[in-house]
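Participant: dropping a prediction and its sequence here:
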Amino acid sequence: MSATRYRRFLKLCEEWPMDEYKKGRDLGTFLRQRVALAFREGENTQISDPEKCDQTYESLARINGNIYRERFPRVRDTSFTGVTVEECKLLLSGESESERSMQQMQQMDEEKKGLWKTLMQRFSSKAQEDAPEKAPEK
(Lines give C-alpha, C1' and ligand atoms only; values in the text may rest on other atoms or scores of the structure.)
Protein backbone atom coordinates (compact mmCIF):
# COMPACT_ATOMS: atom_id res chain seq x y z
CA MET A 1 0.00 0.00 0.00
CA SER A 2 2.92 2.32 0.69
CA ALA A 3 4.13 1.84 -2.87
CA THR A 4 0.79 3.08 -4.22
CA ARG A 5 0.94 6.19 -2.04
CA TYR A 6 4.51 6.85 -3.12
CA ARG A 7 3.61 6.58 -6.82
CA ARG A 8 0.61 8.88 -6.34
CA PHE A 9 2.80 11.53 -4.71
CA LEU A 10 5.41 11.19 -7.46
CA LYS A 11 2.73 11.70 -10.11
CA LEU A 12 1.45 14.76 -8.24
CA CYS A 13 5.00 16.18 -8.11
CA GLU A 14 5.35 15.70 -11.86
CA GLU A 15 2.05 17.48 -12.53
CA TRP A 16 2.66 20.33 -10.08
CA PRO A 17 3.73 23.46 -12.00
CA MET A 18 6.99 25.24 -11.25
CA ASP A 19 6.89 29.01 -10.82
CA GLU A 20 9.71 30.44 -12.90
CA TYR A 21 9.53 33.73 -10.99
CA LYS A 22 10.24 32.08 -7.64
CA LYS A 23 13.06 29.67 -8.44
CA GLY A 24 13.81 27.56 -5.40
CA ARG A 25 11.07 29.16 -3.29
CA ASP A 26 7.85 28.07 -4.94
CA LEU A 27 5.31 25.58 -3.66
CA GLY A 28 6.30 22.95 -6.23
CA THR A 29 9.88 22.90 -5.00
CA PHE A 30 8.73 22.69 -1.38
CA LEU A 31 6.36 19.83 -2.24
CA ARG A 32 9.11 17.87 -3.99
CA GLN A 33 11.42 18.29 -0.99
CA ARG A 34 8.73 17.16 1.45
CA VAL A 35 7.90 14.07 -0.62
CA ALA A 36 11.61 13.19 -0.78
CA LEU A 37 11.83 13.50 3.02
CA ALA A 38 8.62 11.58 3.71
CA PHE A 39 9.48 8.72 1.35
CA ARG A 40 13.23 8.36 2.00
CA GLU A 41 13.13 4.65 1.17
CA GLY A 42 10.91 5.09 -1.88
CA GLU A 43 8.23 2.43 -2.24
CA ASN A 44 9.54 0.59 0.82
CA THR A 45 8.87 3.47 3.21
CA GLN A 46 6.69 2.62 6.19
CA ILE A 47 4.08 5.32 6.79
CA SER A 48 3.19 5.93 10.43
CA ASP A 49 -0.20 7.57 9.74
CA PRO A 50 -1.70 6.34 6.45
CA GLU A 51 -4.94 8.31 6.95
CA LYS A 52 -3.09 11.60 7.32
CA CYS A 53 -0.95 10.75 4.30
CA ASP A 54 -4.06 10.09 2.17
CA GLN A 55 -5.72 13.24 3.46
CA THR A 56 -2.66 15.33 2.57
CA TYR A 57 -2.53 13.83 -0.90
CA GLU A 58 -6.23 14.50 -1.53
CA SER A 59 -5.88 18.10 -0.37
CA LEU A 60 -2.87 18.75 -2.60
CA ALA A 61 -4.58 17.05 -5.55
CA ARG A 62 -7.61 19.35 -5.14
CA ILE A 63 -5.36 22.41 -5.08
CA ASN A 64 -3.43 21.20 -8.13
CA GLY A 65 -6.68 20.46 -9.98
CA ASN A 66 -7.93 24.04 -9.39
CA ILE A 67 -11.06 22.72 -7.67
CA TYR A 68 -11.33 25.77 -5.41
CA ARG A 69 -10.54 28.22 -8.20
CA GLU A 70 -13.44 26.82 -10.21
CA ARG A 71 -15.77 26.62 -7.22
CA PHE A 72 -15.01 30.18 -6.07
CA PRO A 73 -14.17 32.22 -9.19
CA ARG A 74 -12.65 35.66 -8.78
CA VAL A 75 -14.40 38.67 -10.22
CA ARG A 76 -11.10 40.40 -11.02
CA ASP A 77 -7.48 39.32 -11.03
CA THR A 78 -6.44 42.07 -8.63
CA SER A 79 -6.51 42.52 -4.91
CA PHE A 80 -7.88 45.39 -2.85
CA THR A 81 -4.63 47.24 -3.51
CA GLY A 82 -5.24 47.21 -7.26
CA VAL A 83 -1.98 45.35 -7.96
CA THR A 84 -2.32 43.13 -11.02
CA VAL A 85 -1.07 39.56 -11.29
CA GLU A 86 1.90 40.66 -13.42
CA GLU A 87 2.89 43.37 -10.94
CA CYS A 88 2.58 40.93 -8.06
CA LYS A 89 4.79 38.39 -9.85
CA LEU A 90 7.36 41.11 -10.45
CA LEU A 91 7.33 42.11 -6.78
CA LEU A 92 7.66 38.51 -5.56
CA SER A 93 10.20 37.40 -8.15
CA GLY A 94 13.20 38.21 -5.97
CA GLU A 95 14.71 40.15 -8.84
CA SER A 96 13.62 43.52 -7.45
CA GLU A 97 17.28 44.42 -6.85
CA SER A 98 18.06 44.39 -10.56
CA GLU A 99 17.95 47.63 -12.50
CA ARG A 100 15.34 46.34 -14.93
CA SER A 101 12.93 45.47 -12.15
CA MET A 102 13.51 48.78 -10.41
CA GLN A 103 12.81 50.67 -13.63
CA GLN A 104 9.61 48.69 -14.15
CA MET A 105 8.53 49.41 -10.59
CA GLN A 106 9.21 53.11 -11.03
CA GLN A 107 7.19 53.13 -14.24
CA MET A 108 4.30 51.42 -12.47
CA ASP A 109 4.50 53.96 -9.67
CA GLU A 110 4.41 56.82 -12.15
CA GLU A 111 1.54 55.30 -14.11
CA LYS A 112 -0.53 54.50 -11.06
CA LYS A 113 -1.08 56.58 -8.01
CA GLY A 114 -1.13 54.72 -4.79
CA LEU A 115 -4.46 53.92 -3.22
CA TRP A 116 -3.72 56.14 -0.24
CA LYS A 117 -2.72 59.09 -2.42
CA THR A 118 -5.85 58.75 -4.54
CA LEU A 119 -8.12 58.63 -1.49
CA MET A 120 -6.39 61.63 0.07
CA GLN A 121 -6.82 63.66 -3.13
CA ARG A 122 -10.49 62.76 -3.40
CA PHE A 123 -11.28 63.62 0.19
CA SER A 124 -9.20 66.78 0.25
CA SER A 125 -10.93 68.11 -2.89
CA LYS A 126 -14.36 67.31 -1.37
CA ALA A 127 -13.40 69.00 1.87
CA GLN A 128 -12.39 72.13 -0.03
CA GLU A 129 -15.65 72.15 -2.00
CA ASP A 130 -17.81 71.57 1.09
CA ALA A 131 -16.06 74.10 3.33
CA PRO A 132 -17.80 77.48 3.56
CA GLU A 133 -15.75 80.37 2.40
CA LYS A 134 -14.32 82.39 5.23
CA ALA A 135 -14.40 86.13 5.23
CA PRO A 136 -10.95 87.62 4.98
CA GLU A 137 -9.49 88.46 8.37
CA LYS A 138 -9.03 92.15 9.20
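Facilitator: Cool, got the structure.

Participant: distance from the chain centre to stretch 54-72, please.
Facilitator: 16 Å (CA atoms, centre = their mean, to the nearest Å).

Participant: wait, stretch 86-93
Facilitator: 9 Å.

Participant: from here on, count from 307
Facilitator: Happy to do that; since the first residue is 307 now, the last one works out to stretch 392-399.

Participant: which helix or which strand is home to the residue nearest to Val341 when sequence neighbours are not counted?
Facilitator: Excluding the flanking residues, the one nearest Val341 by CB to CB, 6 or more residues apart in numbering is Phe315, at 4.8 Å. The way it works is simple: take the backbone N, C-alpha and C, and place the C-beta from them, glycine included. For Phe315, the element it lies in under DSSP states H and E is helix 308-321.

Participant: list the helices and strands that helix packs on?
Facilitator: If contacts are counted by 3 or more CB pairs under 8 Å, 6 or more residues apart in numbering; DSSP states H and E, helix 308-321 sits against helix 333-344, helix 356-370.

Participant: with mean pLDDT, mean neighbour count and distance to Thr390 added, can I get those helices in a markdown table?
Facilitator: A markdown table is the format used below for the helices and strands packed on helix 308-321 (pLDDT from 0 to 100; neighbours: other CB atoms under 10 Å; distance: least, CB to CB, whole Å):
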| stretch | mean pLDDT | mean neighbour count | distance to Thr390 |
| --- | --- | --- | --- |
| helix 333-344 | 91 | 14 | 21 |
| helix 356-370 | 93 | 14 | 23 |
